[in-house]
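In: Got a predicted structure here, sequence first:
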Amino acid sequence: MLVAVVAAVVGPWVVPFDPAAQQLSLRLEGPSAAHWFGLDELGRDIFARVLAGARISLLVGLVIVGVSSTVGIALGSVAGYAGGRVDEAISRMIDILLAFPGLLLAIALVAVLGPSLTNVVLALSLIGWVGYARLVRGQVLRAREFEFVQAARALGATTSRILVRHIIPSTLPAVTVQATLGMGGAILAEAALSFLGLGVQPPTPSWGTMLSYGRGHLLDAPHLTIFPGLAIAMLVLGFNFLGDGLRDRLDPTTEGRRA
């Protein structure tokens, strides 16, 4: 995963080929010493486009996770601490959104708003906060009964201070694990929307768009889909493995079961 991040940051300056430069006379050429991943149907270097597409995927993932986790932490902490009608209203909103398949709801939102990278981020963020809110609400329901929270309440601390200084920090380990796993899901969702033509628009490189263009050449030029497909699989697996590792390190119950 770190290799993918470094390659996405420095790759476009290191690779000697422009991701948008066309060499029509060499279209669909296979991997070679000059073009490690071969050329696509317009003669563009696939290696350069994979590296450029990594930037898009990582940027989309970071923005979606950042927005979703911020909104989810805010609403989940308010619902869990306030209780009553506030908790009921937020919980019912969460239940309604969870009743719809996330990707299908994102497809519907992007179809209404129009295909673009901004609308993809907006659509995935609108449905992505639900998981964080549900997680944080459960954490807050447990944390508000801790003795240090009750002591702060007895000393006259305001609700906002108790949430910001005492309760929300106790939820961050679980949110960190959720955010790491959410990065992989966001990258996969962006690739799926781009594959359907609802995400990043040409000529901007995107792994999902590259897979969509390459599906017509699976037999005569399989390298068009193999390399962007491997890039998606490796990066998503990397974030999933990182999330599993963080869960083992940050969850004290896991360490207790191992002991």
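Out: That came through, no problem.

In: how about the closest residue to residue 175 other than its chain neighbours, what does it touch?
Out: Spatial nearest neighbour of residue 175, excluding adjacent residues (Cβ to Cβ, 6 or more residues apart in numbering): residue 69 at 6.0 Å. (Glycine included, C-beta is placed from N, CA and C.) By Cβ atoms under 8 Å, 6 or more residues apart in numbering, the residues touching residue 69 are 129, 132, 175, 178-179, 182.

In: again, only this time at 7 Å
Out: Contact partners of residue 69, counting by Cβ atoms under 7 Å, 6 or more residues apart in numbering, are 132, 175, 179.

In: Does it lie in a helix or a strand, and which?
Out: Secondary structure from DSSP states H and E places residue 69 in helix 46-82.

In: Now that helix: buried residues?
Out: 46-58, 60-61, 63-65, 67-69, 71-82 (16 or more other Cβ atoms under 10 Å).

In: now swap in stretch 211-228 and tell me
Out: 211-214, 221, 223-228.

In: and residue 200, what is it in contact with?
Out: Taking Cβ under 7 Å, 6+ apart, one finds 56, 117, 194, 206, 209 in contact with residue 200.

In: go again using 8 Å as the cut-off
Out: Counting by Cβ under 8 Å, 6+ apart, residue 200 has contacts 56, 117, 120, 190, 194, 206, 208-209.

In: Tell me which of these fall in helices.
Out: With DSSP state H as the criterion, helices contain 56, 117, 120, 190, 194, 208-209 from among the contacts of residue 200.

In: For those, give me a markdown table that also has distance to residue 146 and pLDDT.
Out: Shown next, in a markdown table, are these (distance: Cβ to Cβ, whole Å; pLDDT from 0 to 100):
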| residue | distance to residue 146 | pLDDT |
| --- | --- | --- |
| 56 | 42 | 87 |
| 117 | 42 | 85 |
| 120 | 40 | 89 |
| 190 | 38 | 90 |
| 194 | 44 | 89 |
| 208 | 44 | 90 |
| 209 | 49 | 90 |
